[in-house]
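# fold the following for me, if possible:
(chains A, B and C)
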Amino acid sequence: MILALTFTEASVIGLLVAGVQFGTLLYLAALGETVAEKSGVLNLGVEGMMATGASVGFIVAVETGSPWAGILAGAAAGALLSLVHAVAAVGLGADQVVSGLALTFLGLGLADFVGDGYTDDARRSLFRDVELPGLDGIPWIGEIVFRHSPVTYGAVLSGIVVWFVLNRTAVGLGLRAAGETAATADAAGHSVLRLRFAAVMVGGAFAGASGAYLTTYLVGSWSQNLTAGRGWIAVALVIFGAWRPGRVALGALLFGFTLALKSRLAVFGIEFSPILLDMTPYLLTVVVLVVISIRARNKPSPAPAAIGIPYRREER
Amino acid sequence: MTTPAVELDGIWKRFPGVIANSGANLTVRPGTVHAVLGENGAGKTTLMNCLAGVYRPDEGAIRIDGREVRFSSPADAIEAGVGMVHQEFRLVPTFTVAQNVVLGAAPGIVNRTRIDAEVAALAERFGFRAEPERPVWQLSMGERQRVEILKALWRDARILILDEPTAVLTPQEAQELGAVLRRMVAEGRSVIFISHKLDEVTAFCDEATVLRGGSTVAASVEVASVDAAELARLMVGDVDAPPVNRRDTAAGDIVLSVRDLRAIDTRGVTALDGVSLDVRSGEILGIAGVAGNGQRALTDAIAGLQRTVAGTVEIAGTDITSAPPRARHRAGLAYVPEDRLGVGLAPKLPITENAIMREYRALRRGPLLSWSTARTFCDGLVRRFEVKVGRVEAPMASLSGGNLQRLLLGRELSGEPRVVVASQPTRGLDVAGVRAIQQLLVAQRDQGTAVLMVSEDLDELLALADRIVVMVEGRIVGEFDARTTSRAEIGEAMIGSRRADA
Amino acid sequence: MKRLVLTRREIPTRGGQPVAFLFGLAFALLVGAILMQVSGDPAIDVYQRMWERSLGSTDTWSVTFNRAVPLALAGLAVSIAATMGLWNIGAEGQILFGATAATLVGRLFPDWPGPVLITAMLIAAVIGGALWALGPGLAKAELGVSEIITTLMLTEVAIRLITYLEQGPWKDPEGFGFPNVTARPPQAELGDLWDRTHIGVLLALAVIGAFAWFINRSVWGYELRIAGSSRQTAAYAGISMRRKVLGVLLLSGAVAGFAGGIELTGTAVRLNAQISNGYGFSGIIVAALALMRPSAIPVVALAFGAVQVGGQSIQTSLGVSPAVSTILQALILFGAIGAAVFSNYRVVALDRQVSVA
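Below is the predicted model:
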């Protein structure tokens, strides 16, 4: 299957750099979904929120000329859209699966509707890479790790912040409790509704920002169906990373490299269908799920126990 | 006179179809352990839930330290210094002890080593043993209760409500709890101790308030100066205790025989550690013990719902150890599980579909079910066992607890079983329901059926059973003749091996 | 001061769901209109056009009917899994693989006479759909792996599988280099009932009717409901949960696969990744709006079919983004969710109580 491999230093570095860039895209969305799921809300609307963030973010970036405004607008759009899911699934107790899927419809629809006039507006990436002085000169590592868009550094920082908030703060403790046994969090004085609303909207903001990063940096233009199932990879990543921000980051890099490798198979002379390679993140996630289930037989599963279960306090 | 720590004044609480509290009063002096006594369904838990902010009373006033308060959530009650340990624990299994304790009352940034140390110090101050860094899912029920109490203390609860705390404790652990409560009141806190067990009240409490039918029938009686029989009369009213249906005839042959049964539960902990017992036709064998000592594993194992790793189960000489649940039913086993709605019934399905759950295979015509026959069968059950139903198409969950249980037991008895295994068959039922279920079981016994009955209510076992065995940590630790034994003797056995291990 | 609190009704108001659905429809049309007005599109014209192009004439009725077929079948597939409390989110993937399997049969036996070939292709589609659900079914039955995620992931795999076939193994040699799968044999086309309405409409109704009847009347259906109640209740009644889980997911996949076969032989000419244009996902919304009741699924599917078909027409004629149709579908659901609150809950005004602490 592998013939005449043509690795050059530049092409390998190019692959790894692109892997980090794709990884950033996936990580932002998956990190947000991790927060939502940790609070007990499955949001299958990631794809839709990403798409809306992509189109709104692009439009704002183009109109203002500021990629930062684009990212912020994408995040705001994602958060606003996720509010619909929060109201339906958290506030009204509708089924999270159905509501999340409908959110994907809504998000994809809105993205197309809003972005309709911007399909021809192609530009180079709106972000400039930031080269961390001193570090970017290190051979290999400098290029792969220290020359990226500010969004990548922002994603790393966000991961650390999310980890810290979830594991080392009172709010995080309450949020995780809401995702494990909502009644317990409630009895302890946390407002489950408020925590879940906030978590869903944080998730929406991250997904929206991820979409905006896609259009303002990775692609530099907007077109229909640009997200192309990457929102679903983000959903998969949360499971792949066992709901832990650090492991989700590793998974995002891995899946990011797969996406990057896909378009470079020919460059490397690897005769393998890029489309079959494209399947691997999804298949890997299924495998990981199976492994988790086998392991969970004698200890609690890493999945938040209350995920998918609406919470409503007893009558009073 | 000092200002009372708690005053509940004329509390009314209505639920759809039920009045839980009708003008209940309660006054608790600071620095005392105050018992709230009453039978199941007397409204004790509802009243305490009003005080703890879980429910809002429809009428009446709540005063803490003389000031009137209105709670709209448990958080408000906690803020006012009221903490409650519910019967069903509110813990996060995957969190550590310390994380559970500080949940909702943690410093903004949670330093794990620091909270571990602080929780350990708190536990020590009140004489608890605690391992702050252990995850809660690994703890026993008694240990989990301690976490719950620590939670309240962490929030500096000045008024601690304990809802039937000893139900999950061995007598030994109950003694330890008593000591902890003493330390608490010594610091000027107040404890409200819900119970329906008189001996605990006399052992731990200073004063008692008795509820009956949702209202207060005796307020702040000093425990030291009142005699237990008087409290008992107040609790149950002037109604005589149900007539004890003793068996006149001798027990027959062994119908259910369990030999050296071993099982491991889902957490990998030994649930049954070599249980052997025989039940003869025409007798009721009662199983006593603190909840969570393997009773459920035992009945589930007999019914084929719990896997066993060793030992045998026989019905009338036929080995059914590895038979599936259906084969056991065919061999003559009827099973009333502890979790009626989660195991024995399908609450969202129509009553008819629940009624035929055992017999539906007999109603098949090819791949189809004969619904007319099913309907006739269901109507028969409803009539014979006096189940009060509206429409049989209504969901099972629309029935009251007593009627649910009548239908379930009726369905099980309609197959003319040789053995009835009933786990907590009367728990949570109203007085009429309890009476009806008990009479059905006694009637079965009198017809020559072998009955195995698990109950946490010792008085019920003493009234109904012929023999009583006690289970502790998955083992049978003693057997007693119900006619000659006493509560004290059985209570002693319930301490059993744990005291030996300690 | 008062505050509003929702309390659950013990028994939902009867007839609440049809009202909720109609409310959802009205809500969607209203919000959609606002959206279009804000962006400067003529909402009234758009709706009029959508109506004309979906339900306005017998010919457009045909297109709408044909579109409702995969939506209804996907909805049925979802509702089958739901009888046991399972979510088949991957009906989309099963539709795609069903169509793929049917295509395979068409490629193997291109010379068979039409009726025979169509039958064989539909059977292959059913088997294909079931096969695509086999993995998730086994994982759920044996290990308890969440079927929500596995079926979803396999959908993405199915899309890429077809893309792979298009570009490589099944590429049309006479396709001028375009990555298309060779067209199915021309005789493998479902006959029409009237106008362009194909026989698939009848087939779908028959499948839905048969399923509804079977689930209500059969021992198997009864066992499904018991097993759907709880794992332990199933064990108590002596019903093998594992076999039921596997069986129900296979059946669900089979129905979805059937939809793929109908699409291929009914409206499509060749297999491609858009042959199921999100029908599997729309089907979930359809099933949810129908409260998982087979009897209500065709009605909801027809409404969704009309919205979809109508939506496609507005771009060419009015220059309005067809995304309006996608937005409307989602809004119908959210509107209905909002409205359903009133049939499941009572709104009670309580005193806003202030704690004194």
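# please count neighbours and contacts with C-alpha atoms only from this point.
Will do.
# pLDDT score assigned to residue 89?
Unless you meant another one, I'm taking chain A. Here, the pLDDT recorded for A:Ala89 equals 93.
# please refer instead to chain B.
87.
# so it makes contact with B:Gln145?
Yes. Judged on CA atoms under 8 Å, B:Phe89 makes contact with B:Gln145 at a distance of 7.2 Å.
# pick out whichever of those two has more residues nearby.
A direct count of neighbours by other CA atoms under 10 Å in any protein chain shown for B:Phe89 and B:Gln145 places B:Gln145 higher, at 25 against 13.
# relative to B:His86, how far out is that one?
For B:Gln145, the distance to B:His86 equals 9 Å [CA to CA, to the nearest Å].
# repeat that for A:Trp140.
A:Trp140 sits 60 Å away from B:His86, taking CA to CA as the criterion.
# C:Arg217 too?
Separation of C:Arg217 from B:His86 (CA to CA): 44 Å.
# C:Arg67 now?
According to CA to CA, C:Arg67 and B:His86 sit 55 Å apart.
# who's more crowded, these two?
Neighbours per residue (other CA under 10 Å) separate C:Arg67 from B:His86, with C:Arg67 holding more: 23 against 17.
# look up the closest residue to the more buried one, ignoring the ones flanking it.
Nearest residue to C:Arg67, sequence neighbours excluded (CA to CA, 6 or more residues apart in numbering or on different chains): C:Gly305, at 5.2 Å.
# and that neighbour, helix, strand or coil?
helix (DSSP: H, G, I helix; E, B strand; the rest coil).
# swap in the one 5 residues further on?
The assignment at C:Gly310 comes out as helix when based on three-state DSSP.
# hang on, isn't it packed against C:Gly56?
No. Using CA under 8 Å, C:Gly310 is not in contact with C:Gly56, being 9.9 Å away.
# those two: who's more crowded?
Neighbours per residue, other CA under 10 Å: of C:Gly310 and C:Gly56, the larger number sits with C:Gly310, 27 against 14.
# the more buried one: what's it in contact with?
C:49-54, C:325 (CA atoms under 8 Å, 6 or more residues apart in numbering or on different chains).
# those: which two are farthest apart?
Greatest spatial distance in those: C:Glu52 and C:Ser325, 14.5 Å, computed using CA to CA.
# more neighbours, those two?
Neighbour tally, C:Glu52 and C:Ser325, criterion other CA under 10 Å: the higher count belongs to C:Ser325, 24 against 16.
# tell me what the host helix or strand of B:Ile437 is packed against?
Element membership for B:Ile437 (DSSP states H and E) is helix B:431-446. Applying 3 or more CA pairs under 8 Å, 6 or more residues apart in numbering or on different chains; DSSP states H and E, we find helix B:431-446 packed against helix B:401-413, strand B:450-454.
# out of the ones you listed, flag the one nearest chain A.
Closest of the helices and strands packed on helix B:431-446 to chain A is helix B:401-413, at 18.6 Å (criterion: CA to the nearest CA).
# partner strands of the helix or strand just after that closest one and their direction?
Helices and strands here follow DSSP H and E; after helix B:401-413, the next one along the chain is strand B:419-423. Sheet pairing for strand B:419-423, assigned by DSSP bridges, gives strand B:333-336 (parallel), strand B:450-454 (parallel).
# for chain B, what are the nearby residues on the stretch 151-300 of chain C?
Residues of the stretch 151-300 of chain C lying near chain B by CA under 8 Å from any CA of the partner chain: C:214, C:217-220, C:222, C:225-226, C:229-230, C:232-238.
# quick one: end-to-end length of stretch B:203-215, please.
24 Å.
# what about the residue lying closest to B:Pro350 once chain neighbours are set aside, how many neighbours?
Computed as CA to CA, 6+ apart, the closest residue to B:Pro350 that is not its neighbour in sequence is B:Pro395, at 4.2 Å. Here the number of neighbours of B:Pro395 (other CA under 10 Å) works out to 18.
# can you check the pLDDT for B:Pro395?
Per-residue pLDDT puts B:Pro395 at 88.
# please apply the same query to B:Thr249.
Taking B:Thr249 on its own, its pLDDT is 64.
# and C:Ser57, by the same measure?
We have a pLDDT of 85 for C:Ser57.
# for it, give me phi and psi.
phi -140, psi 170 (degrees, to the nearest 10).
# where does chain A come near chain C, residue by residue?
When proximity is defined as CA under 8 Å from any CA, chain A approaches chain C at A:88, A:92, A:94, A:98-99, A:101-103, A:105-110, A:112-113, A:116, A:229, A:232, A:236, A:273, A:275-276, A:278-279, A:282-283, A:285-286, A:289-290, A:293-294, A:315.
# how close does the residue of chain B most remote from its centre sit to B:Ile284?
In terms of distance from the mean C-alpha position of chain B, B:Gly366 ranks first, at 43.5 Å (CA atoms, centre = their mean). Using CA to CA, B:Gly366 is found at 40 Å from B:Ile284.
# much appreciated, bye for now.
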